[in-house]
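> Structure, please.
(one chain, ligands or ions: 2)
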Amino acid sequence: MATKNQNLSEYDKNSIPNAKQFRFGIVVSEWNENITGNLYKGAFDTLVEHGVLPQNIVIWHVPGSYELIYGSKKMQDQLVDAVIAIGCVIQGETKHFDFVCDAVSQGIKDLNVKSETPVIFCVLTDNTMQQSIDRAGGKHGNKGVEAAVAAIKMAVLRKNA
Ligand SMILES: Nc1c(NC[C@H](O)[C@H](O)[C@H](O)CO)[nH]c(=O)[nH]c1=O
Ligand SMILES: CC(=O)[C@@H](O)COP(=O)(O)O
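Ligands and ions are numbered 1, 2, ... in the order given. A predicted model of the protein is given here:
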C-alpha cells in the first residue's frame, strides 16, 4: 500500500517557497462531497499557509470526476499558474469505476501535455469509502495538502522553465 509508510500531509514546509505571486484554480467534483470538501479544505488551507492570497484562488464545482477534465481545461484559461482537480471515485457494483478512473487520469494527463498550465491530479480512486476517509484528513493524511504542495512546486517550475 503506497501510503503504508507515508502520510499525505507530511512534507518539509521549509522546502516550499512563498507562493504569494501565484494564482491557482481548483475544480471540485460534487460526487462524494463529504470527501471532496475535505480535500478542497486541505488544498485551500495549504495554499494560504504558503502565502497565496485567498482572492487568487478560483474555485469551480463540477458534477462528477469525469467532468473534472472539461472543468480543468476551462480553468486553464483563467490566467492561473496551476490547476488542482479534486475528485473521489469509489468502486461500485460495476466496471463504471474503471472507466471513470481511466478517463479522468488520461484526460488530465492530456491537459498537462497539451497546455502550458499544469493540472494536479487530486483524485482518490478507492475501493471503499473508508479508504477515502483515511486519505481526506484521516489516518493517511489529506491528499488535498499533497496536491497544493505539488501545485506550488509546478507553478515555480513553470515560471522558471
Ligand atoms: N461513481 C462516481 C462518479 N460517477 C459520475 C461520473 O464522474 C460522471 O459525473 C457521470 O458519469 C456523468 O458524466 N463520479 C465520481 O466523482 N465518483 C464516483 O464514485
Ligand atoms: C465509480 C462509479 O461510477 C460507481 O460508484 C457507480 O456505482 P455502480 O458501479 O454500482 O453503478
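
> neighbours around V48, how many?
Neighbourhood size, V48 [other Cβ atoms under 10 Å]: 15. Where C-beta positions appear, they are placed from N, C-alpha and C, glycine not excepted.

> Would you quantify the distance from it to M129?
Going from V48 to M129 by Cβ to Cβ, to the nearest Å gives 28 Å.

> Low-confidence stretches in the protein?
1-4 (pLDDT under 70).

> Around ligand 1, which positions in it sit nearby?
Within the chain, the positions near ligand 1 by Cβ under 6 Å from any ligand atom are 29, 31-32, 63-67, 87-90, 92, 100.

> Now which of those would you call buried?
For the residues of the chain next to ligand 1, a neighbour count by 16 or more other Cβ atoms under 10 Å gives the buried set as 29, 31-32, 65-67, 87-90, 100.

> Please enumerate the strands of the chain.
Using DSSP state E, the strands of the chain run over 24-29, 57-62, 82-90, 119-126, 136-138, 141-142.

> orientation of the third one relative to strand 57-62 in degrees?
Per axes from the mean of the first three to the mean of the last three Cα atoms, to 10 degrees, the angle that strand 82-90 makes with strand 57-62 is 30 degrees.
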